[in-house]
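> task: produce atomic coordinates for the following.
(chains A, B and C)
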Amino acid sequence: MLQKAFDNVRKNKPLIHNITNYVTVHECANIIIACGGSPIMADDIEEVSDITSICSGLNINIGTLNKNSIESMFIAGKKANELNHPVLLDPVGAGASKLRTETAIKLIKEIQFSVIRGNISEIKALSNGCKNTRGVDADTNDIINENNIETIINLAKKFSEETNAIIAITGAIDIVANKNNVYIIKNGCPEMSHITGSGCMLSAMTTAFICANHSNELHACAASVCAMGLAGEKALQKMKNLNAGNASYSNLIIDEIYNMNRDNFIKGAKYEYR
Amino acid sequence: MLQKAFDNVRKNKPLIHNITNYVTVHECANIIIACGGSPIMADDIEEVSDITSICSGLNINIGTLNKNSIESMFIAGKKANELNHPVLLDPVGAGASKLRTETAIKLIKEIQFSVIRGNISEIKALSNGCKNTRGVDADTNDIINENNIETIINLAKKFSEETNAIIAITGAIDIVANKNNVYIIKNGCPEMSHITGSGCMLSAMTTAFICANHSNELHACAASVCAMGLAGEKALQKMKNLNAGNASYSNLIIDEIYNMNRDNFIKGAKYEYR
Amino acid sequence: MLQKAFDNVRKNKPLIHNITNYVTVHECANIIIACGGSPIMADDIEEVSDITSICSGLNINIGTLNKNSIESMFIAGKKANELNHPVLLDPVGAGASKLRTETAIKLIKEIQFSVIRGNISEIKALSNGCKNTRGVDADTNDIINENNIETIINLAKKFSEETNAIIAITGAIDIVANKNNVYIIKNGCPEMSHITGSGCMLSAMTTAFICANHSNELHACAASVCAMGLAGEKALQKMKNLNAGNASYSNLIIDEIYNMNRDNFIKGAKYEYR
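The predicted structure is shown next:
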């Protein structure tokens, strides 16, 4: 199943509309290309409806949201819903400011998302109402481990039921759930948190995966999360061999997605489905 | 001729004002430095006139245009015209939204550009009035090849006559034309479309080339296009040797421009002039 | 002293709020992580007060300032002052436009900065009132060398006395001064000016250093300047070994910060304190 989802991105070459932050936008564009899609970034109120109409799906990332881009997120999101295009939300830093939390909550109310992807602190901030998060990184008290994983799976399923979206919570262990089923994914490594934008990149790539696999978005989402974690593992080896650091690591991860194929993808994917 | 144009950028170190998108802006800055120029990015209405006045030329790229930056493009473009500074237009995604197409057309009407550089879909969208393009990439039906090249040369010459600008259409084969003459350039490789911003980088670098070669902008523009394609070829070898991917490839291209010299430039340039 | 300042960043992991330009923002984020901090970028008027409140310090960089971000700089800066958080100013391009010069001067008047870091042209533009600078790079007439260093030290001390901020002037020789004392730092190499954003990166990292060393900001600032220069030297060797260029060099510098430890830091730091 998952390798088919992986293949379909390269076959269908989905064009993805991104309303995203200016910190990691370049990496988001390159990873969409690396996995087989084609990115377009556009956030002006006057054009987002046009742009989203020619695309297959929409990636909304609130990383450096502002008055204008927020309005564009609503316009584009509603248009994409109208056209039945998948829409993904990355609620970067939800919980860190009132503006981020409230914007994310309002987006979830007014737009039907296919996927909401965040770290555990962001997802808790949205599912629990209000809670402070430590900036854009997951709170250390929130780390997903073997002890709390069942609680978090239940939280994800419940939040999925409420939002009718797939919930992807990424961390030391990744969870991809709808209200009934869950993928528990163990790819990845702690060093992925040493680069800016690993979450943003995953969200951008996941949008391409769900657009290329419209009929089975849960599998597609899990495939994207596995691919990202696997790329992180492979790139880490390269980084160490080169005595490189986090800046090079960021590029090496994208490179690994670019060079990944069906066979090494499925060989490396570590997941449990229930 | 072309190697002199190449040398002049390193000799004259032109300062280039860029009003550009936030996706590939970092790469545009680094490639301007790599070829011998110096970049400054500024897009606020209050300062673009000041900034363009201290520069040698202006690069306008509509990649993530917005209400404010559009107004700044007109202010800076008119100021640059007044000062007789070369101005380049990169109409990223013209044809993909009404805002982009109309902004590009209005810019061409109100500002005298030295060069308009785009892919064939963008140039067609502007020269033909209106036509849908597939996002920011050239439509696959639009690919320049041996069969349609004469038609496209004629389109470029005609559009040059209408706009009094050099028209640079880049793709599998690159065309750099004024109303009378044309360079047909065969440097480059398909993998250059696997990175975000190869077009933006070329436009930024070309602005430096025409500023350093004010008296012969056609040659300067052709030299820049050759240099970019050649850097793409050389970087591809490196990418393959390193088992790298598109993220590293982007940096390797800029690195090749940084390390290119007059001799290996002219040895590698593949062009026909008529 | 300096190695303790270096260590404290990794120990304290300060969260840094950045209001910065969209050219080098990605590199600023990665270098903050590389040195041990955690970055958050946020510039909307509605959220900067919230964001700065959860952070340890604030980095204000006017590289691509605009109407909205300028207002946010004042709001966040005043809030940070209220909370006794260190605030750093990088007056990118002060002297190059009226907007930049006046904004920087007004920021210095209304906000108490811990550190003001710029090249000599920028610092002169602010300390002397008005003077044209060549874009975002230091004027070649302004290069710090053995002949003019005493004059520049005096200028830095005087400007420090006026602003009650540490003044960091970076160039061929770096000066970090308060009104009484000065560090003269000889790490670094000319190639660091061949990448976009070496100054911005240093400012971002320095904010993390002063936040982690609140009780001795002069040492912290000097430690950051030494670390940056040392990373530049080490990365240059790697760049040359790889036949790489300026784009890779930028990443290699961040990588060197990531891999730097207390021992190789203090072994490589070249400074005089008086």
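> list the contacts of the residue in the stretch 51-200 of chain A that chain B sits nearest to.
The nearest approach of the stretch 51-200 of chain A to chain B comes at residue A:51, 5.3 Å away (C-beta to the nearest C-beta). Placement of C-beta: from N, CA and C, glycine included. Shown here is residue A:51, whose contacts under the criterion C-beta atoms under 8 Å, 6 or more residues apart in numbering or on different chains are A:17, A:40, A:42, A:76, B:96, B:97.
> and residue A:167, that one's in a strand?
Yes: secondary structure of residue A:167 (DSSP: H, G, I helix; E, B strand; the rest coil): part of a strand.
> buried stuff in the helix or strand containing residue A:237?
Counting by DSSP states H and E, the element that carries residue A:237 is helix A:217-241. Within helix A:217-241, the residues that qualify as buried are A:217-236, A:238-239, counting by 16 or more other C-beta atoms under 10 Å in any protein chain shown.
> pull out the buried positions in the next helix or strand after it.
Scanning forward in sequence from helix A:217-241 by DSSP H and E, the next helix or strand is helix A:246-259. For helix A:246-259, the neighbour count (16+ other C-beta under 10 Å) marks A:246-258 as buried.
> who does helix A:246-259 touch, helix- and strand-wise?
Using 3 or more C-beta pairs under 8 Å, 6 or more residues apart in numbering or on different chains; DSSP states H and E, the elements in contact with helix A:246-259 are helix A:25-35, helix A:198-211, helix A:217-241, helix B:246-259, helix C:25-35, helix C:246-259.
> how many residues are close by the closest residue to residue A:258 other than its chain neighbours?
Counting by C-beta to C-beta, 6 or more residues apart in numbering or on different chains, residue A:258 lies nearest to residue B:245, which is 3.0 Å off, once chain neighbours are set aside. The number of residues packed near residue B:245 is 28, by other C-beta atoms under 10 Å in any protein chain shown.
> so which bits of chain A are right by chain B?
A:15, A:22, A:25-27, A:29-31, A:33-34, A:38-47, A:50-51, A:54-55, A:68, A:250-259 (C-beta under 8 Å from any C-beta of the partner chain).
> which parts of chain A are strands?
Assigned by DSSP state E, the strands in chain A fall at A:15-19, A:38-41, A:57-61, A:87-90, A:115-118, A:166-169, A:174-177, A:182-185, A:271-273.
> what comes into contact with the fourth one?
By C-beta under 8 Å, 6+ apart, the residues outside strand A:87-90 that reach it are A:20, A:57-63, A:77, A:80-81, A:104, A:107-108, A:111-118, A:165, A:199-200, A:203, A:206-207, A:210.
> how about the contacts made by residue A:179?
With C-beta under 8 Å, 6+ apart, residue A:179 has these contacts: A:157, A:158, A:160, A:161.
> tell me the buried residues within these.
A:157, A:160.
> how far away is the nearest residue to residue A:174 once chain neighbours are set aside from chain C?
Here the nearest residue to residue A:174 in space, its sequence neighbours aside, is residue A:185; by C-beta to C-beta, 6+ apart that works out to 4.0 Å. Note on residue A:185: its distance to chain C, by C-beta to the nearest C-beta, to the nearest Å, is 24 Å.
> what does residue A:105 give?
15 Å.
> likewise for residue A:190?
With C-beta to the nearest C-beta as the criterion, residue A:190 and chain C are 13 Å apart.
> please name the nearest non-neighbouring residue to that residue.
Nearest one to residue A:190, counting by C-beta to C-beta, 6+ apart, is residue A:172 at 7.1 Å.
> which of the contacts of residue A:51 has the largest number of neighbours?
residue A:76 (31 neighbours).
> quick one: contacts for the residue lying closest to that one once chain neighbours are set aside?
Among residues not flanking residue A:76 along the chain, residue A:48 sits closest, at 4.0 Å (C-beta to C-beta, 6+ apart). Counting by C-beta under 8 Å, 6+ apart, residue A:48 touches A:17, A:19, A:42, A:72, A:75, A:76, A:79.
> return the residues of chain A in contact with chain C.
Checking chain A against chain C by C-beta under 8 Å from any C-beta, the hits are A:21-24, A:26-27, A:63-67, A:93, A:96-100, A:132, A:134-137, A:194-197, A:243-248, A:250-251.
> identify the residue nearest the residue most central in space within chain A in space, chain neighbours excluded?
Residue closest to the average C-alpha location in chain A (C-alpha atoms, centre = their mean): residue A:203, at 2.2 Å. Excluding its sequence neighbours, the residue lying closest to residue A:203 (C-beta to C-beta, 6+ apart) is residue A:90, at 3.9 Å.
> list the beta-bridge partners for that neighbour.
residue A:61 (DSSP bridges).
> just the pLDDT at the closest residue to residue A:272 other than its chain neighbours, thanks.
Spatial nearest neighbour of residue A:272, chain neighbours left out: residue A:184 (4.6 Å); criterion: C-beta to C-beta, 6+ apart. Listed pLDDT for residue A:184 reads 98.
> my read: residue A:184 touches residue A:226, true?
No: counting by C-beta atoms under 8 Å, residue A:184 does not reach residue A:226; the two are 11.0 Å apart.
> what sits in contact with each of the two?
residue A:271.
> what about the stretch 151-274 of chain A, any weak spots by pLDDT?
Scanning the stretch 151-274 of chain A for pLDDT under 70 picks out nothing.
> picking that back up, the residue nearest to residue A:174: how many residues sit nearby?
Count around residue A:185 with other C-beta under 10 Å applied: 24.
> mind checking which of the contacts of residue A:48 land in helices?
A:72, A:75, A:76, A:79 (DSSP state H).
> ok, the last one - contacts?
The neighbours of residue A:79, taking C-beta under 8 Å, 6+ apart as the test, are A:48, A:49, A:52, A:53.
> which one of these is nearest to chain C?
Closest to chain C, out of all of the contacts of residue A:79 and judged by C-beta to the nearest C-beta, is residue A:48, at 17.9 Å.
> follow-up on the earlier one: count of residues packed around the residue nearest to residue A:190?
17.
> please name the nearest non-neighbouring residue to the single nearest residue of the stretch 101-250 of chain A relative to chain B.
Closest contact between the stretch 101-250 of chain A and chain B, by C-beta to the nearest C-beta, is at residue A:250 (7.4 Å). Nearest non-adjacent residue to residue A:250, counting by C-beta to C-beta, 6+ apart: residue A:195, 4.3 Å away.
> next one: residue A:209 relative to chain C, how far apart?
Counting by C-beta to the nearest C-beta - residue A:209 and chain C are separated by 24 Å.
> list buried residues within the contacts of strand A:87-90.
Counted by 16+ other C-beta under 10 Å, the contacts of strand A:87-90 give A:20, A:57-63, A:77, A:80-81, A:104, A:107-108, A:111, A:113-118, A:165, A:199-200, A:203, A:206-207, A:210 as buried.
> relative to residue B:246, how far out is the residue of the stretch 101-250 of chain A closest to chain B?
Using C-beta to C-beta, to the nearest Å, residue A:250 is found at 13 Å from residue B:246.
> wait, what's in contact with the nearest residue to the residue of the stretch 51-200 of chain A closest to chain B once chain neighbours are set aside?
Counting by C-beta to C-beta, 6+ apart, residue A:51 lies nearest to residue A:42, which is 4.3 Å off, once chain neighbours are set aside. Contact analysis of residue A:42 by C-beta under 8 Å, 6+ apart lists A:17, A:18, A:19, A:48, A:51, B:64, B:93, B:97.
> re earlier: tally of neighbours for the residue nearest to residue A:203?
Residue A:90, neighbours per other C-beta under 10 Å, totals 28.
> and what of residue A:149?
Count around residue A:149 with other C-beta under 10 Å applied: 15.
> contacts only, for it.
Counted by C-beta under 8 Å, 6+ apart, residue A:149 has contacts A:173, A:175, A:184.
> so what sits opposite the last one in the bridge?
Just to be clear, that refers to residue A:184. residue A:175, residue A:272.
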